[in-house]
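Student: What follows is a protein structure lacking sequence information:
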Ligand SMILES: NC(=O)c1ccc[n+]([C@@H]2O[C@H](COP(=O)([O-])OP(=O)(O)OC[C@H]3O[C@@H](n4cnc5c(N)ncnc54)[C@H](OP(=O)(O)O)[C@@H]3O)[C@@H](O)[C@H]2O)c1
């Protein structure tokens, strides 16, 4: 029997890679629902290509009704915190949920994991690093795991000085050396906020404490992450920089699908190098550990301030270094409170967004006064 599948955010970079995988394995999937936010033309085109039964444009239509129908798997590939409510519904109504959309996990990791346990839903990580760990993490022998090592490409500014980064343009920030991705995650990779969000994502997905999560810069993006065991063995997952591989890994899990993605040719790999991340030029990494220590409200604030700051950068209102300046300012001034449910999280998230906008106005006014 083909698996029934929903793809939320089908018009995005992850969504389109998933469409490639489904087109290459048409007998394995029956597409129930595909969604986009505003891009109706593309949504309809894709729906036709993969014979989707239903389409929903979330900028106009209500998605919740369409998500009540039970399916085998839902791929959450919406960008940002906007994907939280659909992810919670998908967990309730799908046998498995494949998570690319990391921001809801960062902000509401506890609630997402609790809901998955309650409904017996399997969570499958799509992010290449977490998918790599998923493939080599022995859940039955967690006591024998020393640490997980998240690899990071270092992004387009890995070797740039702070003076150069201060003048970075939107185009430069979007030009990732190894991966082709949506705008928000590309900017997050340039600030290394993406890796910072992934530290928190890994903490929740693998139920592993912050002091057992390490980040290692690996500019070639061939080793997608590793697990070190207590006997010193290190298990790594490798592959080309192509999201169709982790997507193929999860869509028909535990079976493996043939993927239309690039395959790694070791004869063309001249170098596998590693270096420590620079916490001064990329302060997001240290902030992620600070957030895990402070608790959930700090994680919500971290993500919300970043989403507002990245939008402002992409709109040309603030400079590149102002992104982490804003996130750092918000983190320094937050009230740590306990968040008991999704409504609490939304309320807190909205307040932080408002505070971030106020701070960004201050930054832009400062720039006007100086010039
Ligand atoms: N791209 C990657 O290689 C990659 C790798 C690992 C993890 N991820 C994660 O996967 C998620 C998606 O990334 P992406 O690069 O595929 O993003 P993207 O290319 O920007 O696509 C985002 C998708 O979400 C939809 N969307 C945007 N705003 C929405 C809203 N407010 N409500 C509902 N839907 C909305 C978009 O619809 P429209 O087209 O109509 O705007 C589009 O379908 C992110 O959380 C990212 O961190 C991505």
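Tutor: Perfect, thanks for sending it. In this text, all values refer to a predicted model and were calculated from it rather than measured experimentally. Numbering: from 1, shown residues only.

Student: and the one helix or strand residue 56 maps to, which strands flank it?
Tutor: Assigned by DSSP states H and E, residue 56 falls within strand 54-57. Strand 54-57 has its sheet partners listed here by DSSP bridges as strand 29-36 (parallel).

Student: Need the residues that contact the partner strand.
Tutor: Residues external to strand 29-36 that are found in contact with it (CB atoms under 8 Å, 6 or more residues apart in numbering): 2-11, 15, 22, 42-43, 46-47, 50-58, 63, 66-67, 69, 71, 78, 86, 251. The C-beta positions use only the backbone N, C-alpha and C, and glycine is treated the same way.

Student: picking up where we left off before, next helix or strand past the strand holding residue 56?
Tutor: Counting by DSSP H and E, the element that comes right after strand 54-57 along the chain is strand 71-76.

Student: who touches that next one?
Tutor: By CB under 8 Å, 6+ apart, the surrounding residues in contact with strand 71-76 are 3-9, 14-15, 18, 32-33, 67, 83, 86-87, 90, 93-101, 104, 124, 126, 247, 250-251.

Student: What pLDDT is listed against residue 367?
Tutor: The predicted local confidence for residue 367 comes out at a pLDDT of 68.

Student: related to what we said a few turns ago, can you flag the buried ones in the contacts of strand 29-36?
Tutor: Among the contacts of strand 29-36, those that count as buried by neighbour count (16 or more other CB atoms under 10 Å) are 3-11, 15, 22, 43, 46-47, 50, 52, 55-58, 63, 66-67, 71, 78, 86, 251.

Student: Now for residue 296, how many residues are close by?
Tutor: Residues within reach of residue 296, counting by other CB atoms under 10 Å, total 24.

Student: Please list all residues in contact with it.
Tutor: Contacts for residue 296 (CB under 8 Å, 6+ apart) come out as 107, 108, 109, 110, 338, 339, 345.

Student: mind putting the residues you listed in TSV, pLDDT and neighbour count included?
Tutor: Conversion of the contacts of residue 296 to TSV gives the following (pLDDT from 0 to 100; neighbours: other CB atoms under 10 Å):
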residue	pLDDT	neighbour count
107	98	31
108	98	29
109	98	20
110	97	16
338	95	8
339	96	21
345	98	23
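
Student: Enumerate the residues of the stretch 51-200 of the chain near the ligand.
Tutor: 58, 77-79, 82, 100-103, 127, 179, 181-185 (CB under 6 Å from any ligand atom).

Student: Going by neighbour count, which of those residues comes out on top?
Tutor: Of those, residue 100 is surrounded by the most neighbours, 30 neighbours in total, counting by other CB under 10 Å.

Student: wait, that one sits on residue 124?
Tutor: No - under the criterion of CB atoms under 8 Å, residue 100 lies out of contact with residue 124, with a separation of 10.0 Å.

Student: which residues of this structure score low on pLDDT?
Tutor: Per-residue confidence for the chain (pLDDT under 70) gives these ranges: 367-371.

Student: Pull the number of nearby residues for whatever residue of it ends up closest to the ligand.
Tutor: Going by CB to the nearest ligand atom, the ligand is nearest to residue 12 of the chain, at 2.0 Å. Neighbourhood size, residue 12 [other CB under 10 Å]: 25.

Student: Check the offset of stretch 72-84 from the chain's centre.
Tutor: From the chain centre to the centre of stretch 72-84 is a distance of 10 Å (CA atoms, centre = their mean, to the nearest Å).

Student: Distance across that stretch, terminal residue to terminal residue?
Tutor: Using CA to CA, to the nearest Å, one end of stretch 72-84 lies 19 Å from the other.

Student: Show the contacting residues for residue 203.
Tutor: If you count contacts by CB under 8 Å, 6+ apart, residue 203 has them with 109, 209, 210, 213, 292.

Student: okay but the first one is in contact with residue 299, surely?
Tutor: Yes - using CB under 8 Å, residue 109 is in contact with residue 299, at 7.2 Å.

Student: what's the overlap in contacts for the two?
Tutor: Taking CB under 8 Å, 6+ apart as the contact definition, residue 109 and residue 299 share the neighbouring residues residue 200.
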